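> the following comprises the amino acid sequence and a computationally predicted model.
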Amino acid sequence: MSRTVHATFTIEREYPFPIPRVYAAWADPKAKAQWFAGPKDWKQKHREQEFRVGGAEHLSGTWANGKTTHFDARYFDIVPNERIVFAYEMHVDATRISVSLSTVELKPGKDGGTKLVLTEQGAFLDGFDDAAGREKGTEGLLDSLESFLNKNG
């Protein structure tokens, strides 16, 4: 029997970089490719990003156990240097495990930096994924964003 679990989480981060720099890390496909990826035991297979309202993003890769994950997103709202809204679905092999709506807000932070607020509203399907795991993975991506910004300031 199918089941759906709905959950929402919000993560706030402060980055000591100006808003346009943080926004560019999301908007520029070459920059995003450097930080938005799976962990070390995950190998990328395919990536494309068309950063515009109505544009799509796809990222897939293979884990050490042979399973392949797929991230497929569509951008619904982009306000440069302020907001990015996208919906995405995640698959493991051919199984859809979740569908989510994510909002990234960029606000003035301390000392000219950026306060990033990411809110995700997810439908986690049939026990294949859950909000706690997704929040942990998103925290890891935002850690990678911070490392990227620190290296490429």
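Looks like it came in fine.

> look at stretch 72-87 and report the distance between its end residues.
Distance between the boundary residues of stretch 72-87 (C-alpha to C-alpha, to the nearest Å) amounts to 8 Å.

> list the contacts of that stretch.
Contact partners of stretch 72-87, identified using C-beta atoms under 8 Å, 6 or more residues apart in numbering, comprise 19-20, 23, 26-27, 51-58, 88-89, 91, 99-106. In short, each C-beta sits where N, CA and C put it, glycine included.

> the residue nearest to Pro29 when sequence neighbours are not counted - how many residues pack around it?
Closest residue to Pro29 in three dimensions, ignoring its sequence neighbours and counting by C-beta to C-beta, 6 or more residues apart in numbering: Gln49, at 4.2 Å. Applying other C-beta atoms under 10 Å, we find 20 residues neighbouring Gln49.

> show the contacting residues for Gln49.
Residues near Gln49 by C-beta under 8 Å, 6+ apart: Pro29, Lys32, Ala33, Gly55, Ala56, Glu57, His58.

> let's see which of the contacts of stretch 72-87 end up in helices.
Cross-referencing these against helices under DSSP state H gives Ile19, Pro20, Tyr23, Trp26, Ala27.

> so the residue lying closest to the second one once chain neighbours are set aside, which of the three states?
If the residues on either side of it in the chain are set aside, Pro20 comes closest to Asn81, at 5.6 Å by C-beta to C-beta, 6+ apart. On the three-state scheme (DSSP: H, G, I helix; E, B strand; the rest coil), Asn81 is labelled coil.

> what about Asn81, distance to His70?
Distance, Asn81 to His70, using C-beta to C-beta, to the nearest Å: 30 Å.

> looking at the two, which is more packed in?
Between Asn81 and His70, His70 has the larger neighbour count (other C-beta under 10 Å), namely 20 against 15.
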